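Peer 1: My questions concern the predicted model and sequence given below.
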Protein chains: 2
Amino acid sequence: MTKQEAIHFLQEHLKSMKYLESAMGVLSWDMEVMAPVKGIEYRSEVLGYLSVEHHKLATDTRIGCALNALENESDLMQVEQKLVDFFKDSFEKNTKIPESLQRDLTVATSKGGQYWKQAKEKQDYSIFKPYLQKVIDLVIKQAECVGYEGHIYNACLDDFEKGMTVEELDRIFPPLRDGLVKLLNQIKESRVCIKLHPSGEFDKARQEKLTNQVLDMMGYDYHEAGRIDETEHPFTTSLGIGDTRITTHYYEDNLESGLFSSIHEGGHAIYDQNMPHELSDYGLDEAPSMGIHESQSRFYENIIGRSLPFWKGYYKKLQELFPEYGWTTLEEFYGMINAVKPSLIRTEADEVTYSLHVIIRYEIEKLMMSGEVTVDELPALWNQKYEEYLGITPTNDSEGVMQDVHWSEALIGYFPSYALGNLYGAQFYHQMKKEIPNVEEQLEAGDLSQVFMWLKEKIHSQGNLYSPSELVEKVTGEKLNPMYFLDYLNEKYSKIYKL
Amino acid sequence: MTKQEAIHFLQEHLKSMKYLESAMGVLSWDMEVMAPVKGIEYRSEVLGYLSVEHHKLATDTRIGCALNALENESDLMQVEQKLVDFFKDSFEKNTKIPESLQRDLTVATSKGGQYWKQAKEKQDYSIFKPYLQKVIDLVIKQAECVGYEGHIYNACLDDFEKGMTVEELDRIFPPLRDGLVKLLNQIKESRVCIKLHPSGEFDKARQEKLTNQVLDMMGYDYHEAGRIDETEHPFTTSLGIGDTRITTHYYEDNLESGLFSSIHEGGHAIYDQNMPHELSDYGLDEAPSMGIHESQSRFYENIIGRSLPFWKGYYKKLQELFPEYGWTTLEEFYGMINAVKPSLIRTEADEVTYSLHVIIRYEIEKLMMSGEVTVDELPALWNQKYEEYLGITPTNDSEGVMQDVHWSEALIGYFPSYALGNLYGAQFYHQMKKEIPNVEEQLEAGDLSQVFMWLKEKIHSQGNLYSPSELVEKVTGEKLNPMYFLDYLNEKYSKIYKL
């Protein structure tokens, strides 16, 4: 095989894999959003079939031949090298994992999910425990097969945040955690009392109008290159070039939930819409990592969407849409949407406490993977950390160790991305303010176009040309630094809580 | 390979093919109904990829091995034999068509469609002619490769109406044609003047309500096993077990179009929902042919939906839904929805003239395939037949020979199914009335449940266990007989037009 033939083979092979991913994406989206309930069982079979076909492609021995043919090639273009790196990494990983282990993992996560749900409903950890043990054992086995340097947890991190390591997170997370705990304690001692929302009814049709208005402002093209639909758990999915969809939810007694979900998903969607599709032949029209992707959604949701300048510009329009609602002053409203209150539920956490939830999981996952904590000890460890960092204790294991679905699905190593998203976002914002000094004025004027263009140029259009850490350095001129996020929070919440 | 292994292989292989068909179905449905316009191009690529994969499965040499292993098996169960017959037929066909011919056909139909559209818009047949010539040549070549007995057109018919032949259609269509022409001429001479619809506005939301009401009556489960969506051209699609969807359209100035489209598609959908899914392992949970499928939609649309008993029961409810509309008497309304008026457009034809449109195409297709008419002679032949049977002449070739998209897509042999659907439907109804003597009273009472149950038991639940002709004989005790349809029309229209 010549160099050209090998590159061509990899490109075509990648294309086939992407086609199958797109098909699975459409089938899954349809299943979540559209499909009649009696069609779900058969649909699951179809998805199972396609994923087996995808796995066959991913482990096709011809990939190995092409990689061999390219092994000693030194004059590859950057994009070609990236293509080779992708296949090398995924092919080697896939072929290192024995089929029996793959099968065991599928069984374990399927059972794990079932029993997690049952145990959570019954508030009985003992039901879930043996299945969790199985999942952990298999993830450890998988890490051993795939191999790693340093801490065994690095093998898990690499799946979601390429190149991220325990060593790096142990540099970043402890100061972040300590800073957050400190800020949280100051807020707890603050005498500022944030008013609760007055109760109210928010007509669904008008909430939809609101969502459309805000997403138009943000620049998400749901007219010709996307859609907005409804699901209980909002998500974003890209089903191929020119088709990036979001879902949101509308609660008639709660405006915030749908509004901020829509903004969050819009942030993800804009990223995908701005991908450099000219790089699609090399598979580079995607984000470098989960964390970088999450940085964009958290950026729009919190840094923009929960900022005072944005609401200075937008509050009137919101009031016009729901004139019968008992609106308060802008400042009071701004306080309400940023109120800090430690709770047991990560997905509903405020900006200050959110990352603490993630760090707790990170600290526990590390110990799980290194065997330093047993499944028997998990509930107590969980509760102890919640008490230590957030000052609250779960009253049962459903609120505690069984809160998230991730572990039952063998998604160990995923959580850090959530917190990293906050850090990347704040560091990007710090840089953006230097380059667009009047960005706050623009927000007040309801103009998000320069924010959009900056993110597009600096981050979105880079696709997957750089690793997360390379991208952060390229955009901001320095390594990931948790202090930007802490500074951002300290500044914002000092004002809100008059610290 | 043992017998058991061979059967098992074919079953599993069929399952894989069905999974891919389901995936393509979802992707196509989504493209028609949901997808943003900028996503269409990539989606087409994904569909192209999946259809190539499907073709690979359909021509997998292992099918040949399994069929060889089963060649001398005499003790197969009926369902096993059907499975073998299916693969034998499709595998032999597929392997007999050289890849180059397959490729030429794909190119020709793709170009044909493009130039048909352009030529139709410009009313210039000369643009389309060379591409039509190419398509006809290739379809003839295909028929020669696949082989046939008797008339070469039999090879085309077999693709859509298994076992149907020119010899059989030449027994059925001429008396049908003559009977229809005679009835049409009587109607033309009738002094009865059917009033035109008064103009009116029909709110879309209320039309949706109407559709739901009628489809509920019919027994189509769009709540848990289907959906109703909107497209310009209504269609029905089954995306797997438990998921049969229809689309319809709503015109605010025209109630009938949406209403009867919905009923028509509902007829298709009920058929698919009533399929015997216990036969799915043998691929027998589908209709024996296009014509039989069409018989169910035409049955509901016309025989039920345009009948006097149905409207005796339903007219009041319709009036209640649109109270501001200037409703006429029931009898006048019944006349309006059944008015006979020869026109050039098949898809909008009334019950009397519809089959004449189809027979014209059948007569021409036969001559095209046997080489008895050239593409140069087609327009004149077309116009001559319209004049002869319907008494009207197209003013240009867009209204004439270029009316339908089918030929540009190499769908030669498809048209007869449309007319056969009418014949099957009337013959079924004749039998149904014998077995449910008070069926008209039930319709008047708004009760369609026994109609539903009869069709389910006699036709739907039979799946593809019998060929179309076997099924007709099994259900009605005799061969397909066009007189039932003619009798039905003569009786119905004699009353309407006082003949």
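Peer 2: Cool, got the structure.
Peer 1: Enumerate the residues of chain A near chain B.
Peer 2: A:15-16, A:19-20, A:22-23, A:26-27, A:30, A:34-43, A:45-46, A:49-50, A:53, A:221-227, A:239-243 (CB under 8 Å from any CB of the partner chain). Glycine gets a C-beta too; all of them are placed from N, C-alpha and C.
Peer 1: Filter these down to the buried ones.
Peer 2: Those of these that meet the buried threshold are A:16, A:19-20, A:22-23, A:26-27, A:30, A:34-36, A:38-39, A:42-43, A:46, A:49-50, A:53, A:221-222, A:225-227, A:239-243, by 16 or more other CB atoms under 10 Å in any protein chain shown.
Peer 1: Start and end of stretch A:217-230, how far apart?
Peer 2: Start and end residues of stretch A:217-230 are separated by 20 Å (CA to CA, to the nearest Å).
Peer 1: Contacts for it, please.
Peer 2: Contact partners of stretch A:217-230, identified using CB atoms under 8 Å, 6 or more residues apart in numbering or on different chains, comprise A:33-34, A:208, A:211-212, A:215, A:242-250, A:262-263, A:266-267, A:269-270, A:273, A:300, A:446, A:448-449, A:452, B:34, B:36-39.
Peer 1: Just the ones of those in helices?
Peer 2: Among these, the members falling in helices (DSSP state H) are A:33, A:208, A:211-212, A:215, A:262-263, A:266-267, A:269-270, A:273, A:449, A:452.
Peer 1: returning to that earlier point: now, which of the residues of chain A next to chain B lie within strands?
Peer 2: Of the positions in the residues of chain A next to chain B, A:226-227 sit in strands, assigned by DSSP state E.
Peer 1: pLDDT value on the nearest residue to A:His406 once chain neighbours are set aside, please?
Peer 2: When the adjacent residues along the chain are set aside, A:His406 lies closest to A:Tyr414, with 5.8 Å between them (CB to CB, 6 or more residues apart in numbering or on different chains). The model reports A:Tyr414 with a pLDDT of 97.
Peer 1: Surely A:Tyr414 touches A:Asp158?
Peer 2: No: the pair A:Tyr414 and A:Asp158 fails to qualify as a contact (CB atoms under 8 Å) at a distance of 11.7 Å.
Peer 1: Quick check, pLDDT for the spatially most central residue of chain A.
Peer 2: The centroid of chain A falls nearest to A:Glu294 when counting by CA atoms, centre = their mean (4.1 Å). As predicted, A:Glu294 sits at a pLDDT of 97.
Peer 1: before we move on, back to that, just the buried subset of the contacts of stretch A:217-230, please.
Peer 2: Among these, those classed as buried by 16+ other CB under 10 Å are A:33-34, A:208, A:211, A:215, A:242-248, A:250, A:262-263, A:266-267, A:269-270, A:273, A:300, A:448, A:452, B:34, B:36, B:38-39.
Peer 1: Break down chain A into its strands, ranges please.
Peer 2: Counting by DSSP E, chain A has strands at residues A:226-230, A:236-238, A:244-248.
Peer 1: Relative to B:Pro342, which of the ones you listed is closest?
Peer 2: strand A:226-230 (43.4 Å; CB to CB).
Peer 1: angle of the closest one against strand A:244-248?
Peer 2: Between strand A:226-230 and strand A:244-248, the angle formed by their directions is 20 degrees, by axes from the mean of the first three to the mean of the last three CA atoms, to 10 degrees.
Peer 1: Note down every partner strand of strand A:226-230 and its orientation.
Peer 2: The partner list of strand A:226-230 in its sheet, established with DSSP bridges, is strand A:244-248 (parallel).
Peer 1: Name the residues that touch the strand it pairs with?
Peer 2: If you take CB under 8 Å, 6+ apart as the criterion, strand A:244-248 is touched by A:29, A:32-33, A:211, A:220, A:222, A:225-231, A:234-239, A:258, A:261-262, A:265-266, A:268-269, A:272-273.
Peer 1: again, but for stretch A:307-316
Peer 2: Contacts made with stretch A:307-316 from outside it, assessed by CB under 8 Å, 6+ apart, are listed as A:214, A:304, A:330, A:333-334, A:337, A:440-441, A:443-446.
Peer 1: Can you say which of the strands of chain A is nearest to B:Leu471?
Peer 2: Comparing the strands of chain A against B:Leu471 with CB to CB, the closest turns out to be strand A:226-230 (41.1 Å).
Peer 1: quick one: the closest one to chain centroid distance?
Peer 2: 19 Å (CA atoms, centre = their mean, to the nearest Å).
Peer 1: One more: stretch A:196-208?
Peer 2: Counting by CA atoms, centre = their mean, stretch A:196-208 is centred 27 Å from the centre of its parent chain.
Peer 1: And it, what's buried?
Peer 2: For stretch A:196-208, burial by neighbour count (16+ other CB under 10 Å) applies to A:197, A:202, A:207-208.
Peer 1: and if you look at stretch A:169-179?
Peer 2: Of the residues in stretch A:169-179, those with enough neighbours to count as buried (16+ other CB under 10 Å) are A:169, A:172-173, A:176-177, A:179.
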